[in-house]
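Participant: what would the 3D arrangement of this be:
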Amino acid sequence: MSDSERMCPSPNPFISPASLQQGFADGLATLLDHHRSLGVYILVLANAACDQDLWASLSAPLAARHGELAGSITESLRRGLNLDEPDDDVLVFLKLNSIGLEHLGSIENRRAGPWDLMFNPIRALRPPRISGTSFAGLLRAFDPAGFHFNKPFLAREIFWQGEVAGKTARLLYNKFPFARLHGLLVPEPQREMPQFLTPELHGWAWDLCTQSGVPSLCLGYNSYGAGASVNHLHFQSFVPASLLPLQEACFAHNGGNEPYPLPCQRFTDSEAAWFELDRLHQNNTPYNLIYSRDCLHLIARVPQDNENLNAQSRGYGWSEMAGAVTLFSREAYEDLDAAGFERELASFAPAAWVARS
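Facilitator: Numbering: from 1, shown residues only. The predicted structure follows:
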């Protein structure tokens, strides 16, 4: 049985919340049982740290695996042997080992005004890939030689693949998650489409959220220049335990009285949403999206290399634009207040924003 076959539970995990949650947990446990690689260990550790129940069930086997890996890697390095692991995974593990597994544990969350703050030191170890590159336009040709979701070594990280909302799709675990039940959803992966949204794929994402048996399912999307780290068309699936700050009724784009720190538009019609997305494409304006049932929140923004952004916020994507920020140091987590985060969000507002009438 191949890795991809072993990791593709049936039925479709989006048929119900219970199916998605149980399949997600079972898949992680199976991964840890069947694979000894660094990449699998890092993936299971990072996902377990995002969920207290997962951490309770997996922390002991994770600690045992960490000890085994530390011993074998140290011995190989001392003997000058080549490690049969991707360089990214080796570097992440060496950093984890330096920090010490006992100092990681599960992530922490708190509120600062209406905003969600998360302390997640493991997320800081994620390779930047293209999220740190300069912005040269929304469309960048797919590179078969670059990192993409058809790489053979990613087969073991597939949670499920099959047909959903009328298209074949592949759902992978997010190796460095920052949301509940966080996955990477790749429609028709063999087409090798770049991270550039089309009317077809916009409609598919809209229909998937509307038709899903998981009522609170959301899809996040980062355009190129807005935090996208892989140039292979994908969405980030997640199931929030409560509304994202962006979705709260108090904000003006949802009909409330409170202004949002930067321009946000809410659409309840798929075609109207596409007209605005097409306008952003024509103007080469980066953006972040949150799809939910019968709804899309859209934020147009400055590119990630804009001179007004600080080093931390250059990596901000859909989650931060939606008011949920991940912090990597305890000092930053404890010190950030609502006003400080609002100033950071406001720095993403395009100087020449022109809203549709």
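
Participant: helix or strand for Glu68, which one?
Facilitator: Counting by DSSP states H and E, the element that carries Glu68 is helix 52-78.

Participant: next helix or strand past that helix?
Facilitator: Criterion used, DSSP H and E; the element after helix 52-78 is helix 87-99.

Participant: buried sites along that following helix?
Facilitator: 88-90, 92-94, 96 (16 or more other CB atoms under 10 Å). C-beta coordinates here come from the backbone N, C-alpha and C atoms, glycine included.

Participant: for stretch 249-257, same thing?
Facilitator: Those would be 251, 253-254, for stretch 249-257 by 16+ other CB under 10 Å.

Participant: can you lay out those residues as TSV showing distance to Asp143?
Facilitator: Formatted as TSV, these follow (distance: CB to CB, whole Å):
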residue	distance to Asp143
Phe251	38
His253	36
Asn254	39
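
Participant: what pLDDT does the nearest residue to Arg126 once chain neighbours are set aside get?
Facilitator: Closest residue in space to Arg126, ignoring its immediate chain neighbours: Phe176 at 4.0 Å, by CB to CB, 6 or more residues apart in numbering. pLDDT, Phe176: 91.

Participant: let me see the contact set for Phe176.
Facilitator: Counting by CB atoms under 8 Å, 6 or more residues apart in numbering, Phe176 touches 46, 122-123, 125-126.

Participant: which element is it on?
Facilitator: Counting by DSSP H and E, Phe176 is part of no helix or strand.

Participant: the helix holding Glu68 vs helix 87-99, what angle?
Facilitator: 100 degrees (axes from the mean of the first three to the mean of the last three CA atoms, to 10 degrees).

Participant: just checking, Trp206 touches Thr268?
Facilitator: No - between Trp206 and Thr268 there is no contact under CB atoms under 8 Å: 10.4 Å.

Participant: please point out which parts of stretch 193-209 sit buried.
Facilitator: In stretch 193-209, counting by 16+ other CB under 10 Å, buried: 193-197, 201-209.

Participant: low-confidence ranges, this protein, go.
Facilitator: 1-10, 105-106, 128-132, 352-357 (pLDDT under 70).

Participant: for it, just list every one of the helices.
Facilitator: 3-6, 17-34, 38-48, 52-78, 87-99, 199-211, 270-282, 318-321, 330-335, 338-346 (DSSP state H).

Participant: just those: most buried one?
Facilitator: Ranked by mean neighbour count, the helices of the chain are led by helix 318-321 with a mean of 26 (mean count of other CB atoms under 10 Å).

Participant: show residues contacting that helix.
Facilitator: 178-179, 220-222, 226-227, 236, 246, 262, 288-290, 299, 301, 313, 325-326, 345, 348.

Participant: same deal with stretch 28-42?
Facilitator: 3, 6-7, 43-44, 47-48, 54, 57-58, 61-62, 65-66, 68-69, 73, 85-86, 89-90, 92-93, 96, 153, 156-157, 173, 175.
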